[in-house]
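J.: Starting from these lines, generate the structure:
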Amino acid sequence: MKEYSEVVIVGAGASGLLCGGILAEAGLSVVIAEKNNRIGKKLSATGNGRCNFTNRKMDVTHYYGDREWIQRVLERESPQDVMDLFKEIGIYPREREGYVYPHTNQASTVVEALQKFCYVSGCEIETECKVSAIIPEREGGFQIRTSSGRIRCRYVVMATGGRAGAELGGDGNGYKLARSLGHRISPIYPGLTGLICGGDWWKSVAGTRIQGRFSLQINGEKVPGEIGEIQVNKDGVSGIPVFQLCRVAAKALREQAGSIKLMGEIDFVPEMKEEELSQWIMHFGIAGLVPKKWVTLLEKRAVSAHLLKAFRFPIQDTYGIDRAQVTAGGIPTSEVSAETMESQKVSGLYVTGELLDVDGRCGGYNLHFAWSTAVIAAKAVIRERN
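T.: The predicted model follows:
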């Protein structure tokens, strides 16, 4: 490892790679330190390997966190901005109902294009290089301690990602580094994962898929539901409608542990109102409305339209942070400038992506946030350096 670089980026994931490429293209010397043995490990698995990298239907309501702060970020980098930038580095977009993917429908296309962008621009990438300490120096700049040696730099971009997805490299090291630099870390929750549910009958219906609405009830108060394919497992539920509400369930379980009554609810036929559904059941039964395995289970409970519209069960836990696709929680956005991504605690330190206390719904929103914060940070460093 070299002794000095103008910028050290911690993490060769989505935001780290894009930020590194932009900075190097502008003429800065850049080193990206990546703890894994290859770059873009989590990015390669995004969207079941298809990489939904942004969404035309961009709106702050698709995010959890300080929405005023998030809105300032979204106003600076739009989906079209991201698509135009990606075209410049060789990623041709394909749209489907607002969802934007690489034309190849393969996440590897995005990873390879970002890697090429970095190398052509002159950005150096060190794999199997874990950062153990970021030490601000009195005269300005930083000393970075890594498993591959030490390096000094003028600017640091923390793009480590969060704690989610242990198999893909999520280890929470970024939080440790952030704390050492004076940042707080808000409580961490798993986002975009399944829910473990109470009941000894789940195995009898495991493997089925329900085109319905999934909702939550927290101490009797209903949380608006999501319609889509609900996947039924041997111990609970998953699928996009569940993922979208997982963060809400995880937060409630943690904050109200021991005193919460958290229920899941499935509406098997969201297209029908209860009265219409009653008439249907009277004439045809439920065999044409629910997966076959569910017929016996529901008939044991005295089938009614109300049961099919509000089938309830207790929620005990999430599938955990290791199986989550995104981390909820992190560095409070009040400690980072939305205009530059620079830390309010340490001059010359920038924070991007999942490490921040912002998480989005399924649909390309988390990746859009990663790209946006990477671009904002890169532009800010370039301005500061010039």
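J.: going forward, measure contacts between C-alpha atoms and count neighbours the same way
T.: Will do.
J.: for this protein, which residue is closest to the average position?
T.: In the chain, the centroid-proximal residue (C-alpha atoms, centre = their mean) is Val326; its distance is 3.4 Å.
J.: looking at it, that residue is touching Gly172, isn't it?
T.: No: counting by C-alpha atoms under 8 Å, Val326 sits too far from Gly172 to count as a contact (12.0 Å).
J.: Common neighbours of those two, please.
T.: Residues touching both Val326 and Gly172 (C-alpha atoms under 8 Å, 6 or more residues apart in numbering): 162-163.
J.: before we move on, the earlier item: okay, and the beta partners of the residue nearest to the centre of the chain?
T.: Beta-bridge pairing of Val326 under DSSP bridges involves Gly191.
J.: which residues sit in contact with it?
T.: Contacts for Val326 (C-alpha under 8 Å, 6+ apart) come out as 162-165, 190-192, 354, 359, 366.
J.: Give the other helices and strands that the one helix or strand in the chain whose mean pLDDT sits lowest contacts.
T.: Ranking every helix and strand in the chain by mean pLDDT, DSSP states H and E puts helix 41-49 at the bottom, with a mean of 89. Helix 41-49 is packed against helix 107-121, with contacts defined by 3 or more C-alpha pairs under 8 Å, 6 or more residues apart in numbering; DSSP states H and E.
J.: One more pass at 10 Å, please.
T.: Applying 3 or more C-alpha pairs under 10 Å, 6 or more residues apart in numbering; DSSP states H and E, one finds that helix 41-49 contacts helix 14-25, helix 107-121.
J.: Can you give me the distance of Met282 to Lys293?
T.: Distance of Met282 to Lys293, given as C-alpha to C-alpha, to the nearest Å: 20 Å.
J.: out of those two, which sits in the more crowded spot?
T.: Set side by side, Met282 and Lys293 show more neighbours around Lys293, with 14 against 11, by other C-alpha atoms under 10 Å.
J.: quick one: what helix or strand has Cys372 in it?
T.: No, residue 372 isn't Cys; it's Ser. Using DSSP states H and E, Ser372 sits in helix 365-385.
J.: do the same with Val346
T.: Going by DSSP H and E, Val346 is not part of any helix or strand.
J.: Then the one 4 residues further on?
T.: Mapping Tyr350 onto the secondary structure by DSSP H and E places it in strand 349-351.
J.: Ile7: what's it in contact with?
T.: Residue 7: Val, not Ile. By C-alpha atoms under 10 Å, 6 or more residues apart in numbering, the residues touching Val7 are 20, 23-24, 28-32, 123, 141-142, 152-157, 348-349, 381.
J.: same thing but 7 Å
T.: Taking C-alpha atoms under 7 Å, 6 or more residues apart in numbering as the contact definition, Val7 lies against 29-31, 153-156.
J.: and what of Val237?
T.: Counting by C-alpha under 7 Å, 6+ apart, Val237 touches 194-196, 230-231.
J.: The stretch 101-250 of the chain: helices as residue ranges?
T.: In the stretch 101-250 of the chain, the helices defined using DSSP state H, counting those that start in this stretch lie at 107-121, 173-180, 202-205, 240-255.
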